[in-house]
Each structure stands twice: as C-alpha cells, then as structure tokens.
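Fold the following, please.
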Amino acid sequence: AAGQVAQNFWKNVLDITSRRGWSATAKSNFLIREGRINLQKAILGYKLSSILMQPMAIFDAIAYTTARHGPAMAASVLLEFSKSWINPKYAQEFINQSPALQARRGGEEAISETFEAAKKSSKFYRVYLEKGMGLLQKFDIITASGIERGVYRSLVAKGLKPAEARAEADFIMNLVSGSNNVVYRPHILSQGEGARAWFTFQNFFINRWGIIAHDLIQSGVVKGNAKQKISALVGLGI
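Below is the predicted model of the structure:
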C-alpha cells in the first residue's frame with residue numbers, strides 16, 4: 001500500500017512537471033483564468049499598499065526566529081534586514097550567492113504568471129506591467145535577502161556547516177517572506193483554474209496562520225518547555 005501511494009505521488013509529480021504545472025486531467029476555464037490574472041494585476045501593479053507591505057515580512061521573521069531559535073537569531077535577522085535596506089548593494093552581494101534568492105527575484109508565481117500572460121500583448125503594455133511590478137519585486141527581494149542572511153549568519157555562528165545553514169536559511173526565508181511556496185504547493189493547484197482561483201488570494205493568510213497556529217502556539221506555547229513558552233509568547237506579541 002505504501003509503495004502504491006509513493007508511486008501515485010511521483011507519477012503525479014512527473015505529470016505536473018512535464019506540463020509546466022498542470023495535470024493531464026486539469027480543467028481549463030478562460031473566464032476564471034482571465035479574471036484571476038486581472039485581479040492579480042489590480043492588487044499588485046502600481047499598488048503602494050502592496051509595495052509597502054513587502055518589508056513588513058520582517059515582523060513575521062522576527063516572531064518566528066524568536067520563538068524557534070531564540071532572540072540572538074532574531075537580532076541577527078533585524079540587523080541584516082537593516083543593512084540590506086540601508087545599502088542595496090550589500091543585499092545584492094548575498095543575492096548573487098543564493099540560488100533561492102535568484103529564483104525568487106523572478107517573482108512569485110502570481111507575478112511570473114502575469115508576465116507570461118502579457119507576452120501576447122503590445123510592447124507598451126508589457127513595459128507598463130513590468131514597471132508596475134518592478135518596485136514590488138525590488139522591495140520583496142531586499143527584504144528576503146536580509147532575512148535569509150540574518151538566519152544564515154546566526155546558524156553558522158552556532159556551528160552549523162555552511163551548506164546546512166544555507167538550506168535552513170532558504171526554508172525560513174520562504175516560510176516567513178512568501179505568500180506561497182511553489183516548490184511545495186499542493187497538487188490540487190494543478191487540477192484546474194477553479195482550484196487555483198480559490199487558493200490564489202488565500203495563500204498569504206493561510207501561510208501566516210500556519211506560522212502562528214503551529215510554530216508559535218502549538219509547538220511553543222502548548223508543547224514547549226518554560227523557556228520555549230516565553231519565546232513563543234514574545235513571538236506572538238511581535
């Protein structure tokens with residue numbers, strides 16, 4: 001039975017990968033797709049609120065690292081975040097060394113999909129769209145760079161090997177600074193436009209609630225020892 005489950009899982013992975021994110025049984029719906037992409041453009045393009053929301057991920061990062069790894073890592077994250085914003089060249093140096101950040105620089109799935117859909121439009125419209133998303137992408141990548149660098153430096157200082165520290169820093173960066181994680185997305189999102197439309201505007205809040213409910217409340221406040229409980233409560237306060 002376990003072998004059958006594993007076989008079906010990897011069969012689905014290969015099926016979805018070979019079709020660039022779609023299953024062979026996916027149901028297409030032009031109206032839902034266009035409506036979803038139009039809403040993404042309206043929410044993300046030239047929206048000051050969306051742009052300014054990107055650096056706010058630092059609060060999620062500090063809350064998570066305080067509860068899970070202690071205040072020393074939280075301080076490291078805040079320091080590196082500040083350095084990245086004071087000197088964008090400092091952030092760029094680390095981005096060039098991180099495959100995860102380089103992949104992220106292309107934009108999360110919502111942005112990438114919007115650019116892909118605009119390829120058939122006029123050059124003027126494509127440039128207009130890219131400029132509208134540009135500041136959002138810049139604010140996002142600088143924030144993510146500071147978070148990942150802070151986690152990485154803290155873990156290396158604790159004695160982790162650089163490769164292990166990088167892997168953990170990549171994971172935490174994606175967890176606290178992303179609205180969705182494309183690599184680990186559930187297969188239901190490959191089944192058709194209806195499922196994708198349903199999840200598109202929930203992922204950010206589902207991800208944040210997961211951090212609060214699981215990492216802070218359940219693992220920290222409920223199951224943690226005295227020190228972990230205090231750290232988790234501080235994280236919740238943040």
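
Got the phi and psi for residue 145?
phi -60, psi -50 (degrees, to the nearest 10).

Counting neighbours, what do you get for it?
Neighbour count of residue 145, defined by other C-beta atoms under 10 Å: 28. Heads up, the C-betas are built off the backbone N, CA and C, glycines and all.

Likewise for residue 25?
The burial count for residue 25: 9, using other C-beta under 10 Å.

OK, contacts around residue 67?
215, 216, 219, 220, 228, 231, 232, 234, 235, 236 (C-beta atoms under 8 Å, 6 or more residues apart in numbering).

mind listing which of the residues you listed are in helices?
Members of those lying in helices (criterion: DSSP state H): 228, 231, 232, 234, 235, 236.

Please pick the buried ones from the residues you listed.
Neighbour counting over the ones in helices among the contacts of residue 67 (16 or more other C-beta atoms under 10 Å) leaves 228, 231, 232, 234, 235 as the buried ones.

Not counting residues beside it along the chain, what's closest to residue 45?
residue 132 (3.5 Å; C-beta to C-beta, 6 or more residues apart in numbering).

what does residue 26 give?
Excluding the flanking residues, the one nearest residue 26 by C-beta to C-beta, 6+ apart is residue 192, at 4.7 Å.

Is it correct that the one you found is in contact with residue 27?
Yes. Residue 192 is within contact range of residue 27, at 3.7 Å (criterion: C-beta atoms under 8 Å).

which of those two has more neighbours?
Counted by other C-beta under 10 Å, residue 192 and residue 27 do not tie: residue 192 has more neighbours, with 18 against 12.

Show the contacting residues for the more buried one.
Per C-beta under 8 Å, 6+ apart, neighbours of residue 192: 26, 27, 28, 29.

gap between it and residue 120?
Using C-beta to C-beta, to the nearest Å, we find residue 192 at a distance of 22 Å from residue 120.

For this structure, name the helix or strand with the lowest mean pLDDT.
One helix or strand of the chain scores below all others by mean pLDDT, DSSP states H and E: helix 109-117, with a mean of 71.

circling back to that earlier point, highest neighbour count among the contacts of residue 192?
Among these, residue 26 has the most neighbours (other C-beta under 10 Å), with 19 neighbours.
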